[in-house]
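Q: Sequence and computational prediction follow.
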Amino acid sequence: MTVDATYAVQSNGMYTGNTATRTPKQTMDSEVFLSLLVTQLRNQDPSSPMDTNQMISQTTQLASMEQLTTLTTLNEENFSLQMRIAAAALIGQQVSYSTPDGTKITGIADSVSFSGPIPTVSVGGKDIALDVISGVKRTS
């Protein structure tokens with residue numbers, strides 16, 4: 001009986017040498033924290049179980065970490081929204097900014113773009129990052 005080579009290849013790379021690699025997480029999140037807690041419970045000494053106060057403390061730390069993560073995300077979203085509002089308020093205003101060589105340029109903000117991480121304001125056909133603008137003057 002002969003074995004056809006196509007049947008000897010498995011999709012998981014067992015016979016082909018192509019194994020899937022998993023990239024490790026670079027941040028600690030609730031999943032990692034909970035995994036550590038479960039591992040600690042599995043490997044505890046049955047004659048000396050974990051103190052319930054420690055378990056409650058660790059569970060509280062997990063809840064605090066999740067809330068801090070949520071708060072950080074909300075703060076980042078809030079800052080992004082504030083930058084967008086500030087950029088939109090510049091339309092029609094006279095703004096000034098400095099070029100990399102130190103030249104100060106003044107012009108009217110025509111439009112705003114939110115396509116990048118920092119909003120850009122169009123001044124005289126040139127897109128200027130919001131954080132480069134150094135002054136605003138109300139036009140009459």
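A: Good, I have the coordinates.
Q: CA only for contacts and neighbour counts going forward, please
A: Will do.
Q: gap between the nearest residue to residue 129 once chain neighbours are set aside and residue 132?
A: For residue 129, ignoring the flanking residues on the chain, the nearest one in space by CA to CA, 6 or more residues apart in numbering is residue 120 at 4.3 Å. Look at residue 120 and residue 132: by CA to CA, to the nearest Å, they are 9 Å apart.
Q: Compare the two (neighbour count), which wins?
A: Set residue 120 next to residue 132 and count neighbours by other CA atoms under 10 Å: residue 120 wins out with 24 against 14.
Q: the strands in the protein, which residues?
A: Assigned by DSSP state E, the chain shows strands spanning 94-98, 104-113, 120-123, 126-129, 133-137.
Q: Identify the bridge partners of the residue nearest to residue 129.
A: Taking DSSP bridges as the rule, residue 120 bridges to residue 113, residue 129.
Q: So it is in contact with residue 126, correct?
A: No - if you go by CA atoms under 8 Å, residue 120 and residue 126 don't touch, sitting 9.4 Å apart.
Q: Return the backbone torsion pair for residue 43.
A: phi -100, psi 10 (degrees, to the nearest 10).
Q: What count of nearby residues applies to it?
A: Neighbours of residue 43 using other CA under 10 Å come to 9.
Q: who touches residue 40 in this structure?
A: With contact set as CA atoms under 8 Å, 6 or more residues apart in numbering, residue 40 has no partners.
Q: Quick check, pLDDT for it.
A: Residue 40 is assigned a pLDDT of 79 by the prediction.
Q: By residue count, tell me the biggest helix in this structure.
A: Across the chain, the helix with the greatest residue count (assigned by DSSP state H) is helix 52-89.
Q: among the strands of the chain, which is the most enclosed?
A: strand 120-123 (a mean of 23; mean count of other CA atoms under 10 Å).
Q: buried sites along the longest helix of the chain?
A: By neighbour count on 16 or more other CA atoms under 10 Å, the buried set for helix 52-89 is 62, 65, 83, 84, 87, 88.
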